[in-house]
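Engineer: got a predicted structure here, sequence first:
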Amino acid sequence: MEETYAILRNSESFFHKTNIHIVQCDAKVQQDTIITSTEELAQYMDNFRILGSGGTDFRPVFEYVNKLINEKAFHNLKGLIYFTDGYGTFPNGRPPYETAFIFFHEDYLDLNVPPWAMKVVLGPEDLSIYDKEK
């Protein structure tokens with residue numbers, strides 16, 4: 001989460017209308033925090049703690065996001081970025097938005113990510129430019 005915070009804080013990701021949902025899930029959705037500014041992101045990170053401790057199932061997040069889409073909570077959803085160690089149950093079908101599963105090098109094993117999703121493995125060299133900001 002700290003690496004993600006550094007990337008977002010140092011990028012042009014936060015422009016006039018940002019609507020980021022940080023959804024924590026193990027076998028069920030534990031929390032959905034909505035971030036709309038760099039200040040809210042900083043406050044969230046100052047108080048961040050991991051919730052849940054059960055097995056991992058990716059499907060509840062997709063079901064939750066689809067529910068939010070049906071409720072018109074999103075306008076032009078760009079995609080879902082899922083940070084994970086990869087141990088869990090992937091959805092069978094492709095969602096109506098782009099999806100990327102992000103793995104950190106030290107956690108990554110060659111897991112079978114569904115063909116409809118992007119698989120991104122970040123190594124220390126990918127994060128080194130953000131270390132100065134920590």
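Structural biologist: Received, thanks. Values in this document were obtained by computation on a predicted structure and should not be read as measured data.
Engineer: distance from stretch 39-58 to the middle of the chain?
Structural biologist: Going by CA atoms, centre = their mean, to the nearest Å, the spacing between the C-alpha centre of stretch 39-58 and its chain's C-alpha centre is 10 Å.
Engineer: what secondary structure does residue 66 sit in?
Structural biologist: helix (DSSP: H, G, I helix; E, B strand; the rest coil).
Engineer: right, and residue 80 touches residue 100 too?
Structural biologist: Yes - with contact defined as CB atoms under 8 Å, residue 80 and residue 100 form a contacting pair (7.4 Å). The C-beta positions use only the backbone N, C-alpha and C, and glycine is treated the same way.
Engineer: which one's more surrounded, those two?
Structural biologist: residue 80 (18 against 14; other CB atoms under 10 Å).
Engineer: counting contacts, what elements does the strand or helix carrying that one pack onto?
Structural biologist: When elements are assigned from DSSP states H and E, residue 80 belongs to strand 79-83. Other elements packing on strand 79-83 under the criterion 3 or more CB pairs under 8 Å, 6 or more residues apart in numbering; DSSP states H and E are helix 59-70, strand 98-104.
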